[in-house]
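# prediction below, plus the sequence it came from.
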Amino acid sequence: MAALLEIRGLTKRFGGVYGNHDVSFDVAAGAIVGLIGPNGAGKTTLFNLVTGFLAPDAGEVRFDGRAIAGLRPDVLNRRGVARTFQILKPFPRLTVEENVMVGALARGESMPAARDFARRCLELVGIGHKAADLARNLSTGQRKRLEMARAMATRPRLLLLDEVTGGVDQPSIPGLIELVARLRGEGVTLLVIEHNMRVIMELADRVVFLHLGEKLAEGAPAEIARHPAVVSLYLGSQGAQRH
Amino acid sequence: MTSATVSTRAALVVPALLVVALALYPLAFTLPFPRHIVIMALLFATMGTAWNILGGLAGQVSFGHALYFGIGAYTTAYFYKHYALSSLVTWPLALAISAAAAAIIGLPTFRLRGHYFVLASVFIMQAVYIVVSNWSTLGAAIGLELPVHKAADWVDAVWHLQFHGSKLPFYYAALALFVAALVVFQWIRRSRLGLLLNAVREEEDAARSLGVDTMRYKLVALVISAAFTTLCGMFYAQYVLYVEPVSTTSLIVSVEIAFVAIFGGIGTLWGPALGAFVIIPLTELLRAYLSGRIALGMAGSLVDGGVLDYLKYYAAGGGGQLDILIYGLIIILIARFQPRGVLGFFRRLD
């Protein structure tokens, strides 16, 4: 499979600290790639670099063969790159349906067309019954689904999910795993930040492990779970046994 | 009948009745002062509604809107004084200047978020005030007077927009501006543009991540908002026939414009009008009353130098300093007790 997203030597400094340092990897079209690492590893920085919220100091990001580093977030989104946020950012005083319509409207769709499509996206993520509620009245799990619906309404080819299950209670996790698989079924390529190794093992085709801004390991989920650096820095020896 | 159809009908009937009442008002009140009060209230209702497009729908709180009011007022005054061309001719020029100013100011300041945008608008307003107060072409601190024209007939009067001191034509022009601002506000709010502006207001980064060119939509909102404010400035110059910095391009006027919207209900259709019809008559009456008192008591009470006399002195000083004191107090109370504005007490109206 051809790479939809190519990251080459990506580097971002914050003062004297590297947010990302010489990070390179590919995301194949149609794949789910997991991005893991301890807090401060540079996962969200990498998301911000790929989605245009930050400009890299060095390195290259290519989407569908074209260089995209340094383009604005809205421009990148219209080219097919969507994201969710670790710290959820709903439009709190708009209804759930209006939240999702925004992405379709920004692409020039009419109000009725955007409303129809928003409904379909909400059904896809399983919160169709909440369409008329204000977004601020949703639970955390529902807000995560709302962010996914909103991103899907922009008809992305690549979707970056920042912490699918973070802050969600254990019983809700299988539903979210199933949802991410369903998004892939819609033809979307996914790059996913996730702390829960069980979720990563179940979903990801490949896993990239970051530590202090650098890529220390990359491979199939089972390989990464056994990788010495990942075990010692992230999972701990007990964690490796548990998973 | 369901409650939905009742409220839909109420939503159409109540505004229609209000407009009819406003249209009939000058026929019942024929003296200049009662008409003047409502003309000023309509003017600020229009500007508050225009401000609300940017401040309410897009969430960009500007304390610099008097700049656009000043552009309208000074364009009218300058071209009428020197070339005898009224607003009837010069409005496209004024709107072009207004749009250019909006772009020049919006491009850098819309990069700022929240409080920083508000502060930038205050500083720019003060800078503009200082420039206008010292710009001799615009009459500096003294301002520009529009020559009085004795119209030969009604065609001549309309061409010059001068009506022998009659307030009636101005009254209906102000009413038309106000209705136009309401219609445009409501149309934007219900449209694609309105929802995108709301997204910018609610969470700008999320809007950007969803493909919304936030700079572009903020600029569109500002240009529309500034255009109405500029038309109000043109109206004001034709109406008062005298333009000077304090009453046009000052921070005080900017605060007044924002204040009627914030007081009545930011982001609501009727809030700015409600605010204007409460605040403007109050301040006009207060000014008339206090300046009368000062004139009468000038020899006696003022020399005491008590706090109240000090306030009266400033109130009578023409700059309306006491208004600002009262506005400040009310803003604190609104922020503390009812951030949705007075309309927040009657939620169902909106």
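Sure, I can see it.

# the spatially most central residue of chain A pairs with what?
Centroid check for chain A by Cα atoms, centre = their mean gives A:L161 as the closest residue, at 1.8 Å. A:L161 has these beta-bridge partners by DSSP bridges: A:V192.

# check what pLDDT it gets.
On pLDDT, A:L161 comes in at 96.

# check contacts around it.
A:L161 makes contacts with A:R83, A:T84, A:M148, A:V180, A:L190, A:L191, A:V192, A:I193, A:E194, as judged by Cβ atoms under 8 Å, 6 or more residues apart in numbering or on different chains. (Each C-beta comes from the backbone N, C-alpha and C, glycine too.)

# got the contact list for A:F53?
Counting by Cβ under 8 Å, 6+ apart, A:F53 makes contact with A:F47, A:P73, B:D205, B:R208, B:S209.

# quick one on the thing from earlier: can I get the contacts of A:L161 in TSV with neighbour count and pLDDT?
Below are the contacts of A:L161 laid out as TSV (neighbours: other Cβ atoms under 10 Å in any protein chain shown; pLDDT from 0 to 100):
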residue	neighbour count	pLDDT
A:R83	27	97
A:T84	25	96
A:M148	26	96
A:V180	23	95
A:L190	23	97
A:L191	27	98
A:V192	24	97
A:I193	23	96
A:E194	24	92
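
# that older thread, for chain B, see how far away the residue nearest to the centre of chain A is.
Distance, A:L161 to chain B, using Cβ to the nearest Cβ, to the nearest Å: 12 Å.

# picking up where we left off before, which one (most neighbours) among the contacts of A:F53?
B:S209 (28 neighbours; other Cβ atoms under 10 Å in any protein chain shown).

# that residue: what's it in contact with?
The contact partners of B:S209, by Cβ under 8 Å, 6+ apart, come to A:T51, A:F53, A:P73, A:D74, A:N77, A:A82, A:R83, A:F85, A:A151.

# 10 Å instead?
Residues near B:S209 by Cβ atoms under 10 Å, 6 or more residues apart in numbering or on different chains: A:51-53, A:73-74, A:76-77, A:81-85, A:89, A:103, A:147, A:150-151, A:154, A:160, B:203.

# how about the longest helix along chain A and chain B, touching?
Ranked by residue count, the top helix of chain A under DSSP state H comes out as helix A:111-125. Yes. Judged by Cβ under 10 Å from any Cβ of the partner chain, helix A:111-125 comes into contact with chain B at A:M111, A:A114.

# please name the nearest non-neighbouring residue to A:G126.
The shortest distance from A:G126 to any non-neighbouring residue, by Cβ to Cβ, 6 or more residues apart in numbering or on different chains, is to A:R145 (6.2 Å).

# settle this for me: that neighbour is touching A:A135, isn't it.
No. Here A:R145 does not reach A:A135: they are 11.3 Å apart, not a contact under Cβ atoms under 10 Å.

# low-confidence stretches in the chain?
The chain I'm using is chain A. For chain A, applying pLDDT under 70 flags the ranges A:1, A:237-243.

# let's do chain B instead
Residue ranges of chain B with pLDDT under 70: B:1-8, B:290-323, B:346-350.

# check contacts around the spatially most central residue of it.
The centroid of chain B falls nearest to B:M47 when counting by Cα atoms, centre = their mean (3.1 Å). Contacts for B:M47 (Cβ under 10 Å, 6+ apart) come out as B:65-66, B:68-69, B:177-178, B:181, B:225, B:228-229, B:231-233, B:236, B:253-254, B:256-258, B:260-261, B:272, B:276.

# surely it is in a helix?
Yes. With DSSP: H, G, I helix; E, B strand; the rest coil as the criterion, B:M47 is assigned to a helix.

# give me the neighbour count for the residue nearest to it when sequence neighbours are not counted.
Take B:M47 and drop its neighbours on the chain: the residue closest to it by Cβ to Cβ, 6+ apart is B:I257, 4.7 Å away. B:I257 has 30 neighbours, counted by other Cβ under 10 Å.

# A:V125 and A:L138 touch, don't they?
No. Contact criterion Cβ under 10 Å: A:V125 and A:L138 do not qualify, at 11.7 Å.

# got any residues that touch both of these two?
By Cβ under 10 Å, 6+ apart, A:V125 and A:L138 have these common neighbours: A:K144, A:R145, A:L146.

# just the closest of those to chain B, please.
A:L146 (10.6 Å; Cβ to the nearest Cβ).

# hmm, that closest one is touching A:A135, no?
Yes. Using Cβ under 10 Å, A:L146 is in contact with A:A135, at 6.3 Å.

# need the overlap of contacts for these two.
Taking Cβ under 10 Å, 6+ apart as the contact rule, A:L146 and A:A135 both touch A:L88, A:P90, A:F91, A:V96, A:N99, A:V100.

# residue contacts, the fifth one?
With contact taken as Cβ under 10 Å, 6+ apart, A:N99 is in contact with A:90-92, A:118, A:122, A:131, A:134-135, A:138, A:143, A:146-147, A:149-150, A:153, B:195, B:198-199, B:202-203, B:206, B:210.

# what's residue 176 sitting at in phi/psi?
As the question left the chain open, I've gone with chain A. A:L176 adopts backbone torsions of phi -70, psi -40, taken as degrees, to the nearest 10.

# contacting residues for it?
Taking Cβ under 10 Å, 6+ apart as the test, what A:L176 contacts is A:125-126, A:141, A:144-145, A:148, A:161, A:164-165, A:168, A:194, A:196, A:199, A:203.

# the same query, at a cut-off of 8 Å, please.
By Cβ under 8 Å, 6+ apart, the contact set of A:L176 is A:G141, A:K144, A:R145, A:V164, A:T165, A:V168, A:V199.

# quick check: phi and psi at the fifth one.
Spelled out, that is A:T165. Main-chain dihedrals, A:T165, degrees, to the nearest 10: phi -110, psi 0.

# so how far is A:E178 from it?
Distance from A:T165 to A:E178, counting by Cβ to Cβ, to the nearest Å: 12 Å.

# higher neighbour count, the two?
The neighbour count for A:T165 versus A:E178, taken as other Cβ under 10 Å, is higher for A:T165 (23 against 12).

# for stretch A:122-141, list the C-alpha coordinates in PDB.
Taking Å, rounded to 0.1, in the frame of the first residue of the first chain, the C-alpha atoms of stretch A:122-141 are listed here in PDB:
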ATOM      1  CA  LEU A 122     -24.100  11.400  14.300                       C
ATOM      2  CA  GLU A 123     -25.700   8.000  13.500                       C
ATOM      3  CA  LEU A 124     -22.400   6.600  12.500                       C
ATOM      4  CA  VAL A 125     -20.800   7.500  15.900                       C
ATOM      5  CA  GLY A 126     -24.000   6.400  17.800                       C
ATOM      6  CA  ILE A 127     -25.200   9.700  19.200                       C
ATOM      7  CA  GLY A 128     -28.000  10.400  16.700                       C
ATOM      8  CA  HIS A 129     -30.500  10.700  19.600                       C
ATOM      9  CA  LYS A 130     -28.500  13.600  21.100                       C
ATOM     10  CA  ALA A 131     -28.700  15.800  17.900                       C
ATOM     11  CA  ALA A 132     -30.900  18.500  19.500                       C
ATOM     12  CA  ASP A 133     -29.000  18.700  22.800                       C
ATOM     13  CA  LEU A 134     -26.500  21.400  23.600                       C
ATOM     14  CA  ALA A 135     -23.000  20.100  23.300                       C
ATOM     15  CA  ARG A 136     -22.100  21.200  26.800                       C
ATOM     16  CA  ASN A 137     -24.700  18.800  28.200                       C
ATOM     17  CA  LEU A 138     -23.000  15.700  26.800                       C
ATOM     18  CA  SER A 139     -20.900  13.300  28.900                       C
ATOM     19  CA  THR A 140     -17.200  12.900  28.200                       C
ATOM     20  CA  GLY A 141     -17.700   9.700  26.200                       C
END
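
# of the contacts of A:L176, which belong to helices?
Among those, the ones falling in helices (DSSP H) are A:G141, A:K144, A:R145, A:V199.

# can I assume B:S98 is in contact with B:G70?
No. B:S98 lies out of contact with B:G70 (Cβ atoms under 8 Å); the separation is 9.9 Å.
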